[in-house]
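Novice: Got a predicted structure here, sequence first:
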Amino acid sequence: AQSVTQLGSHVSVSEGALVLLRCNYSSSVPPYLFWYVQYPNQGLQLLLKYTTGATLVKGINGFEAEFKKSETSFHLTKPSAHMSDAAEYFCAVSGGYKLSFGAGTTVTVRA
Amino acid sequence: DAGVIQSPRHEVTEMGQEVTLRCKPISGHDYLFWYRQTMMRGLELLIYFNNNVPIDDSGMPEDRFSAKMPNASFSTLKIQPSEPRDSAVYFCASSTGQTLMNTEAFFGQGTRLTVV
């Protein structure tokens, strides 16, 4: 079975500061990992994904994530936060054709 | 493509009533998923279909919940009778299974259900 754990349900950052959202996974097979973002009253939108190959994955809106097998982690970062980054972020793992999501991390951005 | 389309966006109903949520997946996608999102439990997979056939319904909470996919372009999630604890946002998502183990799911905007 596959699962992910997101560390921290809320993160508050200043505009222009680094955004770091933590995700650890558990998987009995090579994992396929995803980060999704959910803006208020919207559905989930894919930010980026890791399947195979390069462990540093770049996504939309300046986000990137690094797959670290030794640490079973897939943390999401953005060098400089923007007000529009305020949203809820979900880490997910695929163990076949279905996604298992973490509990989510809500990001607030302070002006 | 217009993406995954769900209707209605909002539904308020009285306890005991039947509720039907609708979903139109992206054309060409052969996997369809129903998720429920609540504050307490986060995002839970309820059921998913492949080529209109239910594959895994282990997430369906009770017999009051049922889902159908009569054709490749339409699915319903029905709750009968509804209860206040069913209040949640229900998401439909679709994906293509062409890339095995490499699923990217596209989500609809969700239906916010309130049972009073």
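Specialist: The structure has been received and is ready for your questions.
Novice: Quick one: end-to-end distance for stretch B:56-66.
Specialist: The first and last residues of stretch B:56-66 sit 12 Å apart, counting by C-alpha to C-alpha, to the nearest Å.
Novice: where in chain A is pLDDT low?
Specialist: Counting by pLDDT under 70, chain A has low-confidence residues at A:96-97.
Novice: near chain B, which residues of it show up?
Specialist: Applying C-beta under 8 Å from any C-beta of the partner chain, we find that chain A lies next to chain B at A:32, A:34, A:36, A:41-46, A:49, A:51, A:90, A:94, A:96-104. Quick note: C-beta positions are derived from backbone N, CA and C, even for glycine.
Novice: and with 10 Å instead?
Specialist: A:6, A:29-32, A:34, A:36, A:38, A:41-46, A:49, A:51-52, A:88, A:90, A:92, A:94-104 (C-beta under 10 Å from any C-beta of the partner chain).
Novice: Where does pLDDT dip in chain B?
Specialist: Scanning chain B for pLDDT under 70 picks out the ranges B:1, B:98-103.
Novice: Contacts for stretch B:51-59 next, please.
Specialist: A:96-98, B:30-36, B:44-50, B:60, B:65-75, B:97 (C-beta atoms under 10 Å, 6 or more residues apart in numbering or on different chains).
Novice: what about that stretch, how long is it end to end?
Specialist: Start and end residues of stretch B:51-59 are separated by 19 Å (C-alpha to C-alpha).
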